[in-house]
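Student: Sequence first, predicted model second:
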Amino acid sequence: MGIFSRTRDIVAANFADLLDKAEDPAKMIRMIILEMEETLVEVRATAARTIADQKEMRRHIGKLQSLEANWEEKAELALSKDREDLAKAALVERQKATDLIERMQAELAILDDALKASEGDIAKLQSKLRDARSRQSAIATRMETAHQSIRVREAYSGERAQDAFSRFEVLEKRADLAEGRAEALAMGATKTLDEEIDELKSSEKVDAALEALKAKAAGKAK
């Protein structure tokens, strides 16, 4: 069973209420659009049949009007020849055509009203359909944004992220261990000639600074 039962239901529908009550708004809006599109096709088909009936009826009316005029001419001819009986018979036939024309014109007026109603329904349906499609686009955007947010949060707090951080910690521990081995290997290593001479120079500077400090202290004592 469809969501709507007729065009009037669609036009009167409040999409916001329907979507608020729906468990799956995206699915609901797709169903609404599908049913509206099907209804629009049906209304247009009805309008097309009405237009075809109008054209056919107008052709019949045109033929009847020609027949009416023809009987009018025959009645005038008969009367001009003093054949009142024939003129009266021709007028009877003309009246039959006139009556039929009036009935068909009344039916044509009904068809005109029906076509105007169909045009109004089509305009309203198209407006509602645009509204529904706009809502569908908005819902799709919101759903995509929500899914993107979920993916981002999962990337930071999900199992994969935790696994990645665990691997980083393992790599950091391995780097610490490698650096520790390198420093351990440097311990107790034989100093080069340059290093020993540099140490002597540094020792001389320290000794000189110490003597200067002693001299300064002796000067103050005097």
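Tutor: Cool, the structure landed.

Student: Going by C-alpha atoms from here, please, whenever you check contacts or count neighbours.
Tutor: Noted.

Student: which non-adjacent residue is nearest residue 58?
Tutor: Distances taken as C-alpha to C-alpha, 6 or more residues apart in numbering place residue 108 nearest to residue 58, at 7.9 Å, with adjacent residues excluded.

Student: pretty sure that neighbour contacts residue 59?
Tutor: No: counting by C-alpha atoms under 8 Å, residue 108 does not reach residue 59; the two are 11.4 Å apart.

Student: So if I had to pick from these two, which one is more boxed in?
Tutor: residue 108 (19 against 12; other C-alpha atoms under 10 Å).

Student: Now do the same for the host helix or strand of residue 174: mean pLDDT, whole number.
Tutor: In this assignment (DSSP states H and E), residue 174 forms part of helix 159-186. Helix 159-186 shows a mean pLDDT of 68.

Student: C-terminal to the lowest-mean-pLDDT helix or strand in the chain, which secondary structure element comes first?
Tutor: Counting by mean pLDDT, DSSP states H and E, the chain has its least confident helix or strand at helix 159-186, which shows a mean of 68. Note on helix 159-186: by DSSP H and E, the next helix or strand toward the C-terminus is helix 193-221.

Student: how far does that following helix sit from the chain's center?
Tutor: Distance of helix 193-221 from its chain centroid, counting by C-alpha atoms, centre = their mean, to the nearest Å, is 84 Å.

Student: Could you name the helices and strands sitting against the host helix or strand of the residue nearest to residue 58?
Tutor: Assigned by DSSP H and E, residue 108 belongs to helix 84-157. For helix 84-157, the packing partners by 3 or more C-alpha pairs under 8 Å, 6 or more residues apart in numbering; DSSP states H and E come out as helix 7-12, helix 25-80, helix 159-186.

Student: got a markdown table for those helices, with distance to residue 134 too?
Tutor: Shown next, in a markdown table, are the helices and strands packed on helix 84-157 (distance: least, C-alpha to C-alpha, whole Å):
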| stretch | distance to residue 134 |
| --- | --- |
| helix 7-12 | 16 |
| helix 25-80 | 10 |
| helix 159-186 | 37 |
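
Student: Can you say which of those helices is packed in most?
Tutor: Neighbour counts (mean count of other C-alpha atoms under 10 Å) averaged over each of the helices and strands packed on helix 84-157 peak at helix 25-80, with a mean of 16.

Student: Residue nearest the middle of the protein, spatially speaking?
Tutor: Closest residue to the average C-alpha location of the chain: residue 137 at 2.0 Å, with C-alpha atoms, centre = their mean.

Student: Fine, thanks again, bye for now.
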